[in-house]
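**Student:** A structural model of the following input is requested.
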Amino acid sequence: MELIELHILQSFPVSCLNRDDLGVPKSAIFGGARRARISSQCLKRSQRELFKELTPDFAQGMRTKLFCDMLRERIEAADYAGNAQELAETLTSIWSSLKENKKSKKGEEKAECKATTLVFLSPAELDAMVQAAILFFNDNPKAKPSDCLKGVKKAISAVSCKDAADIALFGRMVASDPSLNVEAAAMFTHAISTHKSDTELDFYTALDDKQPEGEMGAGMTGVLEFNSACYYRYIAINLDLLRSNMKGVSEEEIKKILRAFIQSALVAVPHARQNSMNAATVPGFVLGLHRKAGHPLQLVNAFEKPVYSSTGYLEDSTAKLLEEYGKMKTTWGLSVDDEAQIPGMPISDFISRLVDSL
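**Tutor:** Numbers count the residues shown, from 1 in each chain. Next comes the predicted model:
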């Protein structure tokens, strides 16, 4: 497969960018040592939001349980002669079952058109579903709503993905019908610290502005957990699969999508606790590779032995990463067609180096 790969080192100060159900920063054991961790799901969420800002025409996918209402609105706008709500619920069943209606305290049923699972859909797919269903019932006015599903699924698979680069890159899984799955063209690792990392406690107090003069004590107290670390993360883009997923999209448009994706991968930062522990940083080192053939290969084993340093982790982590990269080329015959590094060039030149020669 043809690949663009990003090997990223990034230091974050006091932060809790990704926490578990107890509010504790996520971690993992690697090389026998506990490391700070940011899950790939967390990283993908922040990157997907920035990617949509950078290329709104190509990234209009919506991950939601509420697409039944969006279908109903489109059906009503199309002047469907039948029951718009019933047809919307039928079309929703292609992707997910519907949540059961809830009863209010007075015992009345509360109408709710909500799927039981999140589904990643583009506006073009929603439009295609409705158009195919309406055409079917124009030709078959006495048919049942479920009779249109075969034709609707065919219409979905024929849709151009021009507004769904985010779905093409980040993928979609549909448990009820695997034929509607989209294999993600981008691959992400969990970010882990290059060194041993421990969680620390932040004991805080808050004062009551209206507390009577002379009265001592805080209005409230609490404890938050945090860490700080230099993380290694890896992202690979399967260019062959991206082109396959993006039907009807030109090579120049693919390049525009890739530029926005790479920029969002390097700049996006998870949003958690940014108001109280602002940890907005940029990577300290990035190795970008373009390989015309091969399989994805991360360099995390550079840090299987944790980095130890009294002068900061980024410099030693960079040296270890480049050493591991050299071993991969020398020992395992890793073939690279082009590479670029940050620092060493502006981000715009870095992106152009990886994308323009495709």
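**Student:** which residues are in contact with the residue nearest the centre of the chain?
**Tutor:** Centroid-nearest residue in the chain: Lys44, 2.5 Å away (criterion: C-alpha atoms, centre = their mean). Counting by C-beta atoms under 8 Å, 6 or more residues apart in numbering, Lys44 makes contact with 170, 188. Glycine gets a C-beta too; all of them are placed from N, C-alpha and C.
**Student:** can you tell me the average pLDDT over whichever strand or helix holds it?
**Tutor:** According to DSSP states H and E, Lys44 maps onto helix 40-54. Average pLDDT, helix 40-54: 94.
**Student:** give me the contacts around the helix or strand just after that helix.
**Tutor:** Per DSSP H and E, the first helix or strand lying C-terminal to helix 40-54 is strand 62-64. For strand 62-64, the external contacting residues (C-beta under 8 Å, 6+ apart) are 70, 118-123.
**Student:** distance from the chain centre to the helix holding Lys44, please.
**Tutor:** Relative to its chain's centre, helix 40-54 lies at 5 Å (C-alpha atoms, centre = their mean, to the nearest Å).
**Student:** tell me how far the residue nearest to the centre of the chain lies from Leu287.
**Tutor:** Using C-beta to C-beta, to the nearest Å, Lys44 is found at 20 Å from Leu287.
**Student:** contact partners for Val119?
**Tutor:** So Val119 contacts 63-65, 67, 95-96, 172, 174 (C-beta under 8 Å, 6+ apart).
**Student:** change it to 10 Å
**Tutor:** Shown in contact with Val119 (C-beta atoms under 10 Å, 6 or more residues apart in numbering): 62-67, 92, 94-96, 125, 172-176, 180.
**Student:** got it, and Thr92?
**Tutor:** 65, 67-72, 98, 113-116, 119, 129.
**Student:** Ala186 now?
**Tutor:** 4, 6, 44, 47, 166, 168-171, 235-238, 241-242, 261, 265.
**Student:** now do Leu201, the pLDDT please.
**Tutor:** Model confidence at Leu201 (pLDDT) stands at 83.
**Student:** mind listing the helices for the stretch 201-350 of the chain?
**Tutor:** For the stretch 201-350 of the chain, the helices defined by DSSP state H, counting those that start in this stretch occupy 239-245, 251-267, 314-331, 347-355.
**Student:** format these as CSV; extra columns: mean neighbour count and mean pLDDT.
**Tutor:** As requested, these are exported to CSV (neighbours: other C-beta atoms under 10 Å; pLDDT from 0 to 100):
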stretch, mean neighbour count, mean pLDDT
helix 239-245, 18, 94
helix 251-267, 19, 95
helix 314-331, 16, 95
helix 347-355, 17, 96
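**Student:** which one of those helices lies closest to Met216?
**Tutor:** Of all these, helix 314-331 sits nearest to Met216, with 44.3 Å by C-beta to C-beta.
**Student:** would you mind writing the CA trace of that closest one as PDB?
**Tutor:** Presented in PDB, the C-alpha positions along helix 314-331 are these (Å, rounded to 0.1, in the frame of the first residue of the first chain):
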ATOM      1  CA  LEU A 314      12.200  15.800  24.100                       C
ATOM      2  CA  GLU A 315      15.800  16.000  23.000                       C
ATOM      3  CA  ASP A 316      16.700  12.400  24.200                       C
ATOM      4  CA  SER A 317      13.400  11.100  22.800                       C
ATOM      5  CA  THR A 318      14.100  12.600  19.400                       C
ATOM      6  CA  ALA A 319      17.600  11.000  19.400                       C
ATOM      7  CA  LYS A 320      16.100   7.600  20.300                       C
ATOM      8  CA  LEU A 321      13.400   7.900  17.600                       C
ATOM      9  CA  LEU A 322      15.900   8.700  14.900                       C
ATOM     10  CA  GLU A 323      18.200   5.900  16.100                       C
ATOM     11  CA  GLU A 324      15.200   3.400  15.800                       C
ATOM     12  CA  TYR A 325      14.400   4.800  12.400                       C
ATOM     13  CA  GLY A 326      18.000   4.200  11.200                       C
ATOM     14  CA  LYS A 327      17.800   0.600  12.400                       C
ATOM     15  CA  MET A 328      14.600   0.000  10.500                       C
ATOM     16  CA  LYS A 329      16.200   1.300   7.300                       C
ATOM     17  CA  THR A 330      19.500  -0.600   7.800                       C
ATOM     18  CA  THR A 331      18.400  -3.800   9.400                       C
END
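**Student:** which helices and strands sit right next to it?
**Tutor:** Judged by 3 or more C-beta pairs under 10 Å, 6 or more residues apart in numbering; DSSP states H and E, helix 314-331 is in contact with strand 3-15, strand 220-238, strand 285-291, strand 338-342.
**Student:** which of those sits closest to Lys305?
**Tutor:** strand 220-238 (13.2 Å).
**Student:** adding mean neighbour count, write the helices and strands packed on helix 314-331 out as JSON lines.
**Tutor:** Putting those into JSON lines (neighbours: other C-beta atoms under 10 Å) gives the following:
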{"stretch": "strand 3-15", "mean neighbour count": "21"}
{"stretch": "strand 220-238", "mean neighbour count": "19"}
{"stretch": "strand 285-291", "mean neighbour count": "21"}
{"stretch": "strand 338-342", "mean neighbour count": "16"}
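**Student:** alright, calling it a day.
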